[in-house]
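Q: Predicted model follows, preceded by the sequence.
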Amino acid sequence: MSELTFTPVIGLEIHVQLATKSKIFCSCSTDYIGAVPNTNVCPVCLGLPGSLPVLNAKVVEYGVKAALALNCAVNTATRFHRKNYFYADLPKAYQISQYDLPLAEKGYVEIPTEDGGRYHVRITRLHLEEDAGKLVHEASDGRLVGADQSFVDYNRGGVPLAEIVSEPDIRSAAEAKEYVARLRQLVRYLGVSDGDMEKGSLRVDANISVKCSDGRWGDRAEVKNLNSLRALERALEYEFKRQSQLLAEGKTVTQETRHWNDVEGVTMATRSKEEAHDYRYFPEPDLPPLLLPDGYVDKIKETMPELPWQKVDRFEKSYKLNETDAMILTEHIPLADFYEACVKAGASPQRASNWVRTEVLRIMNEQKIEIEDFPIKPAVLAQLVSKVDDNKISTTAAREVFDMMAARRISLEEAMSECGVEEGGISGSNLENMVRGILKNNADVVEIIKTGQDKKGKKQKFLQGLIMKEARGQADPKEAASVLAQLLEE
Ligand SMILES: [Zn+2]
């Protein structure tokens, strides 16, 4: 009997909070994070009798922008429906959503594969809807378990959402993560959402089922509470294993909603009220059909910013960068802007790319800062990089100066003088610093020399060669040899 194999089949439903200033059907502020509960509310978003919703035009614009970037066909004649369900976070007891006529359909996102290829995750639909309020459960010990009272905050109620539903085209947890990362990057590029998963402005529900090589299929599980890309990947890996195991044992997989527990690293079945859903959808009588005027979509097409893959393409062509480097530099627009400002200020594209991808990202990581707060301005980095390009200072010296500027937020001139780096020939403390750097990076060679195993002096010559290479002809060989000998004595 041949070994059974299993394939995961994954589709994602993503709710993206659209970054409009006011809510989807009223003029209340959408800025609910940290706001006093129930202060950004009005009769419309509280669902008081007699209040009428008015559609926010900006929401439609953002929805169409996202739809176009996702290669969707935009429906110019659509409408809203009422999705009826009773829950305390929904004051009207229905959510205004879209049903049979979503704003957009049939798109795709292109995902790079590990082997350098490309494949498409198809988008079924993108529709607009309103967010619900938030329930806060409070137990005497502050935990959810055993909560004896719940509070409701309607500040989030009526915040605009775009729900983006994919076809079940995803075949691994890693691909799911890549898809969400691309989508998040896209909404950020478009400026239609901040895409922050931890804050809940991008929420992912994952549907996963498993296909067995003997032809059996398990039912799908819907996994919720995925608050980061890491959680998404872990939860899907866990579910794939769990469902495969059940099938391997000849059992069936039941359709259910499961909750990801990030601390325990497991998914758990939630009380099953599945299949009982009857939302009794019907057209929203308080809103007219949404008819996009002629030329509306074309106009939005004209305002589309450069999209991530277009930027990658341009960076490859204009700056002669390879794809991997271009992708790293274009991950976020501000980082891409920083890089381009550096090149515009005179740095060579390749060297600027190396510096931004390694040194700049390292400092951002160490200091836990965003590129907008980077202590060294692009023009200053360009000056520093140009000094290396023009052989005025060595790479090692430039790195030291860079670190000094980043740590102490001082000027290039001050940092150079602090580090004892001077333009022109590499000598004195400059040379010494450089040799120290080389020795540090070649500790194994140094060890051989120091323990007297370098009888013919080949290793020392090798180090001397490294020094001259790094100095690119700017150091006096005799001085270099003496500094090297002196430091090897230490
Ligand atoms: Zn309101």
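A: Looks like it came in fine.

Q: Now stretch 368-387: buried residues?
A: By 16 or more other Cβ atoms under 10 Å, the buried positions in stretch 368-387 come out as 371, 374, 376, 378, 380, 381, 382, 383, 384, 385, 386, 387. No exception for glycine: its C-beta is placed from N, CA and C like everyone else's.

Q: give the contact list for the fourth one.
A: Contacts for residue 378 were tallied using Cβ atoms under 8 Å, 6 or more residues apart in numbering; they are 338, 339, 341, 342, 344, 345.

Q: what about the residue of the stretch 101-250 of the chain at minimum distance from the ion, neighbour count?
A: Residue of the stretch 101-250 of the chain nearest the ion, by Cβ to the ion: residue 158 (5.5 Å). Using other Cβ atoms under 10 Å, residue 158 is surrounded by 30 other residues.

Q: what do you get for residue 288?
A: Residue 288 has 10 neighbouring residues, counting by other Cβ under 10 Å.

Q: Roughly how far does it sit from residue 413?
A: Distance of residue 288 to residue 413, computed by Cβ to Cβ, to the nearest Å: 65 Å.

Q: Could I get the phi/psi values of residue 160?
A: phi -70, psi 140 (degrees, to the nearest 10).

Q: of all the contacts of residue 378, which comes closest to the ion?
A: residue 338 (38.8 Å).

Q: quick revisit: the contacts of residue 378, buried ones only, as a PyMOL selection?
A: Of the contacts of residue 378, the buried ones can be selected in PyMOL as follows, counting by 16+ other Cβ under 10 Å:
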select buried, resi 338+339+341+342+345
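
Q: Return only those of the contacts of residue 378 found close to the ion.
A: Subset of the contacts of residue 378 in contact with the ion: empty, counting by Cβ under 5 Å from the ion.

Q: Which ones among the contacts of residue 378 map onto strands?
A: Of the contacts of residue 378, none are assigned to strands by DSSP state E.

Q: okay if I get the contacts of residue 378 as a markdown table plus pLDDT and distance to residue 332?
A: Below are these laid out as a markdown table (pLDDT from 0 to 100; distance: Cβ to Cβ, whole Å):
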| residue | pLDDT | distance to residue 332 |
| --- | --- | --- |
| 338 | 95 | 9 |
| 339 | 96 | 11 |
| 341 | 94 | 14 |
| 342 | 93 | 15 |
| 344 | 94 | 18 |
| 345 | 92 | 20 |
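
Q: JSON lines for the contacts of residue 378, including distance to residue 478?
A: Shown next, in JSON lines, are the contacts of residue 378 (distance: Cβ to Cβ, whole Å):
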{"residue": "338", "distance to residue 478": "42"}
{"residue": "339", "distance to residue 478": "41"}
{"residue": "341", "distance to residue 478": "42"}
{"residue": "342", "distance to residue 478": "37"}
{"residue": "344", "distance to residue 478": "41"}
{"residue": "345", "distance to residue 478": "38"}
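
Q: For residue 468, state which of the contacts of residue 378 is nearest.
A: residue 342 (29.0 Å; Cβ to Cβ).

Q: Look up how far residue 379 lies from the closest one.
A: The value you get for residue 342 to residue 379, if Cβ to Cβ is used, is 8 Å.

Q: before we move on, what about residue 344?
A: Distance from residue 344 to residue 379, by Cβ to Cβ: 9 Å.

Q: OK, now which residue of the stretch 201-350 of the chain is nearest to the ion?
A: Closest point on the stretch 201-350 of the chain to the ion, by Cβ to the ion, is residue 286, at 14.3 Å.
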